[in-house]
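> Quick one, what's the 3D model for this:
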Amino acid sequence: MTAGQERDWYAAKLLMECQVEDDQAAPDKRMYEESVVMFRAQSFARAWQGAEEMGLRKQITGRNAYGQIIRWRLVKVLDVCPCLERGSECAEVYCRMMETPGDWDVARVLERYYPEAAGSQADGKRDQNPQRG
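Below is the predicted model:
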């Protein structure tokens with residue numbers, strides 16, 4: 001980088017797979033981690049490249065507290081976006097727009113894109129019928 005060139009802040013969303021080598025592990029289950037990381041880059045193209053490099057650095061193999069071998073693998077850089085506007089005191093770290101069919105309600109959006117948030121507290125209210133299944 002030459003003197004005077006500014007680097008902007010970017011956020012990248014990475015999808016990592018965590019493989020556990022264990023005879024007891026359920027063969028029909030897989031573990032994934034979605035993480036948002038921040039870093040500086042001179043351009044969007046370099047930010048994407050930096051996100052890939054960061055994901056590759058996160059590819060490690062080691063043992064967990066139970067002695068199992070754990071392998072982390074970068075599946076994909078899901079998205080990169082600029083953040084931290086110059087001169088601002090706060091910043092949006094990550095955002096994405098989602099286009100859905102016009103007849104989808106909020107519950108359907110939550111079910112499709114945020115299944116962990118769908119259900120009893122999806123709209124910020126407690127479930128009035130806890131017997132549903």
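> CA only for contacts and neighbour counts going forward, please
Fine.
> any weak-confidence spans in the chain?
When the per-residue scores of the chain are filtered using pLDDT under 70, the ranges that remain are 1-4, 23, 25-27, 85-88, 91, 120-133.
> for it, what spans make up the helices?
Counting by DSSP state H, the segments of the chain that form helices are 44-57, 106-113.
> how about those helices in JSON lines, adding distance to Ala65?
Listed next are these as JSON lines, based on distance: least, Cα to Cα, whole Å:
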{"stretch": "helix 44-57", "distance to Ala65": "22"}
{"stretch": "helix 106-113", "distance to Ala65": "32"}
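> What segments of the chain are strands?
In the chain, the segments counted as strands under DSSP state E are 8-21, 31-41, 61-63, 69-83.
> Highest mean neighbour count out of the ones you listed?
strand 8-21 (a mean of 20; mean count of other Cα atoms under 10 Å).
> chain center to it, what's the gap?
Centroid separation for strand 8-21 versus its chain: 6 Å, with Cα atoms, centre = their mean, to the nearest Å.
> got it, and stretch 29-43?
Its chain's C-alpha centre and that of stretch 29-43 lie 6 Å apart, by Cα atoms, centre = their mean.
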